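A.B. asks: kindly return the folded structure for what I paste below:
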Amino acid sequence: MKHLLFLFLVFGINTNYSQNIQSPSNKISVNFKLTTNGQPSYSVNYNNKPVIFESTLGIKLKDKPALDANFEIDNVKNSSFNESWKPVLGEQANIVNHYNELIISLTQKVTHLKMNIIFRVFNEGVAFRYDFPKQKDLNYFIISDEVSQFNLTENNKVFWIPGDFDSQEYVYNETLFSDINTQKINLNNGIGVKSIAGKYTIQSPLMMKSPSGLYLNIFEAAVVNYPVMHLDADVINYKLNSHLVPNAIGDKAYLQTPCVSPWRTIMVSNDARDIVSSKMILNLNEPCKLDDVSYIKPMKYVGIWWEMHIGKSTWDYAGTQNATNFAGNPIPTGKHGATTENTKRYIDFAAKNGFDGVLVEGWNVGWEDWSGNWKEEVFDFVTPYPDFDLPAITAYAKEKNVKMIMHHETSGSVANYERHLDRALELMKKYNYPAAKSGYVGKIIPRGEFHDGQTMVNHFNFVARRFADYKLMLNSHESSRPTGYSRTYPNYIAAEAARGNEFNGWSDGNPPMHETILPFTRLLGGPMDYTPGIFEIKRSYYDKTRTEQVHTTLAKQLALYVTMYSPLQMAADLPENYERYPDAFQFIKDVAVDWDESKYLEAEPGDYLTIARKTKGKETWFLGAITDENARKSEIKLDFLTKGKKYKAIIYEDAKDADWKNNPIAYKISTVEVTSKSKIKLNLAPGGGTAISFEPIN
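C.D. replies: Presented below is the predicted three-dimensional model:
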């Protein structure tokens, strides 16, 4: 359903007079004007108070005059748009896309080059992009810089990670804007490849809270054929400037008219729930381009994965991470995880407990010498190890009605992956694998390219499209962070692109507040494969000499299935650990992964989050509540439940003496009867959570 509310054009404007546009709710307003030297600029108000002071815009070109000054306005177009669309998979069955739009057409006086700036104003924020129309004097061109500014009004509290061109796998820093400094963070954090751009360069999405209580978020949407945008912070004047990731020779983007930049976004509200629930990033992407989406289905899966992270088994066949041990006649040590026998054990567990799929990492040759050597040819993505019987496993999985999930680790050798991609996808089709998890650990080949540059952005998007050609689903790890491309290609079912649960297995881990920040940042751009569900919290359970642990309680691990949205959810722990806690495991078995409706009940970035979601096509609801390192109590109204119906609420919560560090596995389960008029008290331990399932009573 869509309709155009109004449209009018103004031609022949050759003036610096300002242009204004407001959100449909009239709470947000944008003022655009040309400065005295003809440079585009804008400002943003919320409830008639400034949140972005006048900020300049522009593009710098290589070997051409910059498109950042000496403009005059040719014409202005205003319009409004309102539609409701249905995502293939999602947090809600219908998404409203409602905005007012302002298009300013500009011509540079001396060069006669043309550029349009497009603003869209939603009820929760502002988006703008650069539009380069087809023209005689601008065909092929190279962007050397983008000079988009975001001039803040206050010394906001910010949740930031360094502007690293190769990784987003950082713990968030919670500081004042004036205290941003990448040189003060601990870099002994388990990240293998680091390319931090500067002392004051940070990443978007950047979540903020102003001293006056406003919540702001600066991000981008629809990053296609363009590098990722990081941000340079002026910590004295509270200003941010766009910082595009360069390619191997220092250029930012190679373009040909007609073309557009990604959207730059500014979300603002006095209610944090408006930010965390926003679908603005998705709405700024193109509609689905796939004719057939029947193969795109949500999945819950288990896999041979966590046992490698805790040192129980290895990815490589010989178990020594030494390539010479695989030459000739390799001798297995018995530690290889991806064996036929072990895989069948996971298939049996999945079938018994109603899981859709099994992921197997380390199934293919190459893991002896895969990381850290900047090696061109590592994996061929089709040859299994001698102890992994691909045909037999396929037949066994089919017999048990379980799907296998492929694993494609590239070791950063993108050129090698693209050479082998079609053969790898043909193998998946031959053996009936519906989805693959890809990985990009290490420095990129082509050498000199970064994970976040234009080349790699194009690669990640290309792989998603190629998977679609084969009617396959993709879950990327170590990729550039998503910016809503899953609306256009919904077979791009999930991504990691942030510091996931795996870091709790072998590094300092993720602090308790980490999962309360990700929904305000990384998840705004698309589903995240966070791999929750770890029950044996402490690694000392396996090795008394190890001190690593998951920085949550067990109950919080359950709640993450609701608060960390993904239509692809892993029960990440070992089968035997779930078998020791079958009552808690029941929630993971029951919880849905595709939703009709989502209600954001409580939200404060860095502190807490409570979400309730209704199962797609059913009357069951699930609630997840999480907190940071502080214990928390609250009372939740259940008015989201259907009126007149009774529900059985099964509550999985922290025990009274639970604590993420000292007593993380202490939990209790209770059952009560509730209606939409009921309330439930939540008691969250430090680093804790509560998970609730609501089943209608017939």
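A.B. asks: downstream of the helix or strand of the chain with the lowest mean pLDDT, the next helix or strand is which one?
C.D. replies: Across the helices and strands of the chain, mean confidence by mean pLDDT, DSSP states H and E is lowest for strand 2-11: a mean of 42. Of the helices and strands lying after strand 2-11 in sequence (DSSP states H and E), the nearest is strand 19-22.
A.B. asks: so how far does stretch 246-264 reach from one end to the other?
C.D. replies: 18 Å (CA to CA, to the nearest Å).
A.B. asks: can you give me the buried ones in that stretch?
C.D. replies: 246-247, 251-253, 255, 257, 259-264 (16 or more other CB atoms under 10 Å). Every residue, glycine included, has its C-beta placed from N, CA and C.
A.B. asks: from those, which is closest to Phe467?
C.D. replies: Pro262 (22.0 Å; CB to CB).
A.B. asks: next one: the spatially closest residue to the closest one that is not a sequence neighbour from Ile444, what distance?
C.D. replies: Nearest residue to Pro262 in three dimensions, chain neighbours excluded: Val223, at 4.4 Å (CB to CB, 6 or more residues apart in numbering). Plainly put, Val223 is 17 Å away from Ile444 if you go by CB to CB, to the nearest Å.
A.B. asks: same check, this time on Val88
C.D. replies: Going from Val88 to Ile444 by CB to CB gives 30 Å.
A.B. asks: who has more neighbours out of those two?
C.D. replies: Between Val88 and Ile444, counting by other CB atoms under 10 Å, Ile444 is the more crowded of the two (26 against 19).
A.B. asks: in this structure that one contacts Ser411, no?
C.D. replies: No. Here Ile444 lies out of contact with Ser411, judged by CB atoms under 8 Å, at a distance of 10.0 Å.
A.B. asks: now do stretch 687-698, average pLDDT.
C.D. replies: For stretch 687-698, the mean pLDDT works out to 96.
A.B. asks: ditto for stretch 316-326
C.D. replies: For stretch 316-326, the per-residue pLDDT averages 75.
A.B. asks: now do stretch 654-669
C.D. replies: Stretch 654-669 carries an average pLDDT of 98.
A.B. asks: got the CA positions of that stretch in CSV?
C.D. replies: Presented in CSV, the C-alpha positions along stretch 654-669 are these (Å, rounded to 0.1, in the frame of the first residue of the first chain):
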residue,chain,number,x,y,z
ASP,A,654,17.9,-15.2,37.7
ALA,A,655,17.9,-16.8,41.2
LYS,A,656,18.1,-14.4,44.2
ASP,A,657,21.8,-15.1,44.5
ALA,A,658,22.7,-15.0,40.8
ASP,A,659,25.5,-12.9,39.6
TRP,A,660,27.2,-12.9,36.2
LYS,A,661,30.7,-13.3,37.7
ASN,A,662,30.2,-15.3,40.9
ASN,A,663,27.1,-17.3,40.4
PRO,A,664,26.1,-17.1,36.7
ILE,A,665,24.2,-20.4,36.3
ALA,A,666,21.7,-19.8,39.2
TYR,A,667,18.2,-19.5,37.7
LYS,A,668,14.7,-20.4,38.6
ILE,A,669,11.6,-21.2,36.5
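A.B. asks: pull out the buried positions in that stretch.
C.D. replies: The neighbour-count check on stretch 654-669 (16+ other CB under 10 Å) flags 654-655, 658-660, 663-667 as buried.
A.B. asks: what do you get for stretch 184-202?
C.D. replies: So stretch 184-202, judged by 16+ other CB under 10 Å, has buried residues 189-191, 193, 195-197, 200-202.
A.B. asks: and those, which two are the farthest apart?
C.D. replies: The distance between the two most remote of the buried residues of stretch 184-202 (CB to CB) is 23.8 Å, for Gly190 and Tyr200.
A.B. asks: so what pairs up with Phe219 in the strands?
C.D. replies: Beta-bridge pairing for Phe219 (DSSP bridges): Thr265.
A.B. asks: burial of it, as a residue count?
C.D. replies: The number of residues near Phe219, taken as other CB under 10 Å, comes to 29.
A.B. asks: ok, it to Tyr200 distance?
C.D. replies: 19 Å.
A.B. asks: same question for Gly412.
C.D. replies: Applying CB to CB, the value for Gly412 to Tyr200 is 27 Å.
A.B. asks: equivalent analysis for Met208, please.
C.D. replies: 15 Å.
A.B. asks: helices of the chain, start to end?
C.D. replies: 272-276, 280-283, 306-309, 340-353, 390-399, 414-430, 454-469, 485-488, 514-517, 554-563, 575-580, 582-590 (DSSP state H).
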